[in-house]
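Engineer: 3D model of this:
(one chain, ligands or ions: 1)
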Amino acid sequence: MSRVLRRIAEEVLGPEKARRVWSRIDLVGDIAIIKSPAIHGGVEGLTLEDFRRLAEELARRLPYVKSVWLAASPMMGAERVREFVHLAGERRTETVYVEHGCRFKVDIARVFITPRLSFEHIRVARLVGEGERVVNMFAGAGLFSIIIACKAKPRVVHSIDVNPHAYRAMVENIRLNKVEGIVIPYLGDAKEVVLEKLRGAADRVLMPLPELALDYFPYAVEALDSRGVVHVYLHVRAGRGEDPRARAAGMVAGAAERLGVRVKILHARVVRKVGPRLFQVVVDAHVEKPG
Ligand SMILES: C[S@@+](CC[C@H](N)C(=O)[O-])C[C@H]1O[C@@H](n2cnc3c(N)ncnc32)[C@H](O)[C@@H]1O
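Structural biologist: Numbering: from 1, shown residues only. Model (predicted):
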């Protein structure tokens, strides 16, 4: 698919402009999203008119693309959503996104969604053992939770999100994928939900929100039974020659040390590049609480 997107971008914009944009196109269901932090004044050499021409061509050449939007801002607020400008096709932000055979109803303007976490969703699902109790502290529309419920055999996946739109989408997606009774949705701040309802309830905790992962690490540990695995997602800046995975592992080890819990780093991987020298890294850490 990326080759097709690149070819269309090159034909519409020429190789120089296309180079800056083709890898920023995401397909979510039947919606194409072109990500740009800059639409006014042609920052990075691209104007709104360039995006419109590209969008019209995408809608014309790709029959499954019904609507094209420009993501005109970075992720914003606690909800991690973007501002969108309509470019071509239907003026609609709702779609059904299919990943690993699961179906997710989402509104791209109200709920965080990216196909770029697809491998990470299935990677974590494959680690979940039979009968495990999982807490997903930042569940969004329920992608990790529902894919875990469909592909592994957990006893329960407690799934928290503070955004009411994400919570409603998650409730609907649980029903759509027939995982009621396994994925349990909660609306609220993960810290409060854990302290009020999920102390010691988990063998595994997911923290897929880099902006809060270290601040909320104590609550992930609070959610664990006596021991278990925490998946911590971090944004890590790494200079030339520096390994972002080693830095991220050090950050998690430091957070564990401050809490007085034993930690063993099982694995660290770069999930994706999110800026110049800035990486999203996941650290899988085994944590043991003091007896
Ligand atoms: C990066 S998105 C999650 C992505 C999702 N797990 C996925 O794979 O698609 C982070 C989510 O955390 C939620 N969030 C932000 N602050 C929160 C908090 N304090 N407690 C619970 N959820 C929160 C946001 O609403 C957002 O849906």
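Engineer: what does this protein put close to the ligand?
Structural biologist: When proximity is defined by CB under 6 Å from any ligand atom, the chain lies next to the ligand at 78-80, 112-113, 117, 138-140, 143-144, 160-163, 166, 189-190, 208-209, 212. Bear in mind the C-beta positions are built from the backbone N, C-alpha and C, glycine included.
Engineer: Buried ones among those residues?
Structural biologist: For the residues of the chain next to the ligand, a neighbour count by 16 or more other CB atoms under 10 Å gives the buried set as 79-80, 112-113, 117, 138-140, 143-144, 160-163, 166, 189-190, 208-209, 212.
Engineer: from these, which ones fall inside strands?
Structural biologist: Among those, the members falling in strands (DSSP state E) are 160-161.
Engineer: Double-check that Ala169 belongs to a helix.
Structural biologist: Yes - according to DSSP: H, G, I helix; E, B strand; the rest coil, Ala169 belongs to a helix.
Engineer: residue contacts, it?
Structural biologist: 104-107, 110-111, 140-142 (CB atoms under 8 Å, 6 or more residues apart in numbering).
Engineer: Which of those residues sits closest to the ligand?
Structural biologist: The closest of these to the ligand turns out to be Gly140 (CB to the nearest ligand atom; 3.2 Å).
Engineer: Quick check: the gap between the nearest residue to Val4 once chain neighbours are set aside and the ligand.
Structural biologist: Leaving aside its chain neighbours, Val4 sits nearest to Leu62 (7.5 Å; criterion: CB to CB, 6 or more residues apart in numbering). Leu62 is 23 Å from the ligand, where distance means CB to the nearest ligand atom, to the nearest Å.
Engineer: Run a quick neighbour tally on Leu62.
Structural biologist: Other residues within reach of Leu62, judged by other CB atoms under 10 Å, total 17.
Engineer: and what of Ala152?
Structural biologist: The burial count for Ala152: 18, using other CB under 10 Å.
Engineer: quick one: contacts for the closest residue to Ala246 other than its chain neighbours?
Structural biologist: Nearest non-adjacent residue to Ala246, counting by CB to CB, 6+ apart: Ala268, 7.6 Å away. Neighbour list for Ala268: 245-246, 248-249, 281-284 [criterion: CB under 8 Å, 6+ apart].
Engineer: what do you get for Ile182?
Structural biologist: Contacts of Ile182 by CB under 8 Å, 6+ apart are 149, 154-157.
Engineer: can you rerun that using 7 Å?
Structural biologist: Taking CB atoms under 7 Å, 6 or more residues apart in numbering as the contact definition, Ile182 lies against 149, 154, 156-157.
Engineer: mind listing the strands for the stretch 51-200 of the chain?
Structural biologist: For the stretch 51-200 of the chain, the strands defined by DSSP state E, counting those that start in this stretch cover 67-71, 84-89, 94-99, 102-107, 133-136, 156-161, 183-187.
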